[in-house]
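Asker: only the shape, not the letters, is given here:
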């Protein structure tokens, strides 16, 4: 009997630490797509080491983040403690997301770009903590721009020095200058730039902001502004490189971001507007691998402007580990700079970008900082039916305008009618 | 003789055209998988690789999740095949042998379920599996795949079983076999070709399924189609890796189909003529 009691005591002593560690250690499940995994993996690992908790990433394809989280929302599921979502889904998931107002101190908002602070809120409540922000900047061929012969020829033709384009006019001039038939066979071998008709639901709105519009499609109060003068000017500028100047490959409807990227990296375009992360992902086997330069996005009459593409960490209300999930979100924000060393090389905090801006290999960060920090870099309206607006109104407007046979102002007037039919005023 | 040659030439030409339609996309897939990444999306595209590179294959070693996903797909597809065939054989047998109006109605109802878009039942299925604790389990995903496959399997097997002469079964019954005995000892062996064909279709349906696998798996039982789709991110598509994985993922099915070719053909013609 005595020996049984002794054995029981030994067993309890042996099992106690295991039980205790089981109670203290929690597994947090984080829903991400590939980018979210890359950019947050290192910080999450550090969080695990420091706290003893486990962070498990559930990595799904881009569009499936929406599907998985929608299924959780519809069924009240608690599979995820944190989800990293695209800005365009914020309104949709707002009822499902825990308020994060306590995390947004003055210090935090001061270190975030204004557009991100605006995008992080739905109806005045912070529901998402920015985890990275990307936007389109200018990529150009340094071997062309820094060539003394090219510089002399350009200045002789246009009357000002050849530097990376900073304005609409400079961008257009340089696109014309570098559109060339190098071998004289009547075929153009290199275009100055591209026009991405394959993403017409997004691309022309960047020019709208550069034209000085207070927002795209809807203003801050969700009133219709799609037919204001800046939208007309932006759309006209967007199509001009295809319709008026032939400085872009003519098959505009086939050119989406992937194709545009390939055209540039196969030296078939001299410069292009593209997401800032691409600089860090330049392929080693590209003929221009070491020749890529980056500059801030161009300015129209309203200044430098772009549409940010931020992603946010939200904590689903159904999470069973809410406190710890909030702790993780705060930790990922605090260690935001760690994401810059990941393949995409992106972050959300100004200080994170600034800390790497002068490091060799990160020459894209200053242009990104300048573009993201510009007052005319404004996010898309936070309305739940944004995707419908993009698919059914903005895409057709862009595509129809690129036929070069329709008047931009008339197309935008049609856009107003469609928005009114959706209930906007 | 001349007209026979001409007919043959036309026939071969038609076969070549049809073959081209089916083989070209796969050939282009294989070709893209052995192009260096920068050539994968060359503009204009090239049919054959200018340079051959196996980087898209060697890089797969860096993704243990992808490797595991192939194993998960195999387990789930096999499990789904066993469940679907196990449920469909008795159902098809009853429909074929008893030929009642209820059986016919059931057959039509089973077909109607095929007309419902899977996306519309995704969330209810997710809720059911969650309440059963089957999220992120092989069994959960296999059961979900079986909901797609069972109706098809019943239809195919009912047609195969109708073609088996009743006299065979009746002889077994006269010799003292029970109905179940006759089913297992006579009907199933005779319908083996048809069952094999049905099993292949069921296996393929599960092997390629995307939506239910996505909704019902997390990290534990992620299937290969999901893992392959992850190479399409917000910032672009890694065509090289996606194509190499797709080629590898298609190999087992192609090899299996080639090995089973005779049985498949025998099975496909089996239900064509009623006994």
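Answerer: That came in fine, so what should we check first? Treat the numbers as computed from the prediction; the structure is a model and nothing was measured.
Asker: quick check: residues of the stretch 151-275 of chain B near chain A?
Answerer: Listed as neighbours of chain A in the stretch 151-275 of chain B under the rule CB under 8 Å from any CB of the partner chain: B:211, B:214-215, B:218-219, B:226, B:229-237. All C-beta atoms are positioned from the backbone trio N, CA, C, and that covers glycine.
Asker: name the nearest of those relative to residue A:205.
Answerer: Taking CB to CB as the measure, residue A:205 lies nearest residue B:234 of those, at 17.5 Å.
Asker: tell me which stretches of chain A form strands.
Answerer: Applying DSSP state E to chain A gives strands spanning A:27-32, A:54-59, A:82-86, A:121-122, A:125-126, A:129-132, A:136-141, A:271-275, A:292-295, A:299-300, A:303-304, A:311-314.
Asker: could you tell me which of the residues of the stretch 151-275 of chain B next to chain A count as buried?
Answerer: Burial by neighbour count, judged by 16 or more other CB atoms under 10 Å in any protein chain shown, picks out B:211, B:214-215, B:218, B:226, B:229-237 from those.
Asker: just give me the residue closest to the centre of chain A.
Answerer: Nearest to the mean C-alpha position of chain A, by CA atoms, centre = their mean, lies residue A:309 at 2.3 Å.
Asker: burial count for the nearest residue in space to that one that is not next to it in sequence?
Answerer: Counting by CB to CB, 6 or more residues apart in numbering or on different chains, residue A:309 lies nearest to residue A:134, which is 4.7 Å off, once chain neighbours are set aside. Around residue A:134 there are 24 other residues, counting by other CB atoms under 10 Å in any protein chain shown.
Asker: and residue A:25, by the same measure?
Answerer: Residue A:25, neighbours per other CB under 10 Å, totals 12.
Asker: that one against residue A:48, yeah?
Answerer: No - using CB atoms under 8 Å as the test, residue A:25 is too far from residue A:48 to be in contact (9.6 Å).
Asker: tell me, how many residues neighbour residue 210?
Answerer: Unless you meant another one, I'm taking chain A. Neighbours of residue A:210 under the rule other CB under 10 Å: 28.
Asker: sorry, I should have been clearer: chain B.
Answerer: 15.
Asker: below-threshold pLDDT in chain B: ranges please.
Answerer: B:1-3, B:43, B:267-275 (pLDDT under 70).
Asker: can you give me the helices for it?
Answerer: Assigned by DSSP state H, chain B shows helices spanning B:2-33, B:55-58, B:64-98, B:101-115, B:118-131, B:138-162, B:166-174, B:179-182, B:188-190, B:192-208, B:211-216, B:224-229, B:239-259, B:261-270.
Asker: need those in a markdown table with distance to residue A:367, can you?
Answerer: Listed next are the helices of chain B as a markdown table, based on distance: least, CB to CB, whole Å:
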| stretch | distance to residue A:367 |
| --- | --- |
| helix B:2-33 | 33 |
| helix B:55-58 | 30 |
| helix B:64-98 | 34 |
| helix B:101-115 | 53 |
| helix B:118-131 | 41 |
| helix B:138-162 | 45 |
| helix B:166-174 | 79 |
| helix B:179-182 | 75 |
| helix B:188-190 | 69 |
| helix B:192-208 | 43 |
| helix B:211-216 | 37 |
| helix B:224-229 | 32 |
| helix B:239-259 | 27 |
| helix B:261-270 | 58 |
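Asker: for these, which one sits closest to residue A:144?
Answerer: helix B:239-259 (27.5 Å).
Asker: so residue B:36 sits against residue B:53, correct?
Answerer: Yes - using CB under 8 Å, residue B:36 makes contact with residue B:53 at a distance of 4.2 Å.
Asker: what is residue B:233 paired to in the beta sheet?
Answerer: residue B:236 (DSSP bridges).
Asker: who's in contact with it?
Answerer: Applying CB atoms under 8 Å, 6 or more residues apart in numbering or on different chains to residue B:233 gives the contacts A:33, A:34, A:35, A:61, A:62.
Asker: number of residues surrounding the nearest residue to residue B:211 once chain neighbours are set aside?
Answerer: Counting by CB to CB, 6+ apart, residue B:211 lies nearest to residue B:118, which is 5.3 Å off, once chain neighbours are set aside. Residues near residue B:118, counting by other CB under 10 Å, number 16.
Asker: ok, now how distant is residue B:118 from chain A?
Answerer: According to CB to the nearest CB, to the nearest Å, residue B:118 stands 12 Å off from chain A.
Asker: for chain B, see how far away residue A:283 is.
Answerer: Residue A:283 sits 5 Å away from chain B, going by CB to the nearest CB.
Asker: ok, the closest residue to that residue other than its chain neighbours to residue A:281 distance?
Answerer: In space, and not counting its chain neighbours, residue A:283 is closest to residue B:38: 5.1 Å by CB to CB, 6+ apart. Distance, residue B:38 to residue A:281, using CB to CB, to the nearest Å: 12 Å.
Asker: between these two, which one's more packed in?
Answerer: When residue B:38 and residue A:281 are compared for neighbours, residue B:38 comes out ahead with 19 against 14, by other CB under 10 Å.
Asker: so that one makes contact with residue A:282?
Answerer: No - using CB under 8 Å, residue B:38 is not in contact with residue A:282; the gap is 10.2 Å.
Asker: so what's the residue count around the nearest residue to residue B:95 once chain neighbours are set aside?
Answerer: Counting by CB to CB, 6+ apart, residue B:103 is the residue found nearest to residue B:95 once chain neighbours are left out, at 4.2 Å. Using other CB under 10 Å, residue B:103 has 17 neighbouring residues.
Asker: just give me the neighbour total for the closest residue in space to residue A:173 that isn't next to it in sequence.
Answerer: The shortest distance from residue A:173 to any non-neighbouring residue, by CB to CB, 6+ apart, is to residue A:158 (5.0 Å). Other residues lying near residue A:158 total 15 when counted by other CB under 10 Å.
Asker: any idea how far residue A:398 lies from chain B?
Answerer: Remark: distance between residue A:398 and chain B (CB to the nearest CB) = 20 Å.
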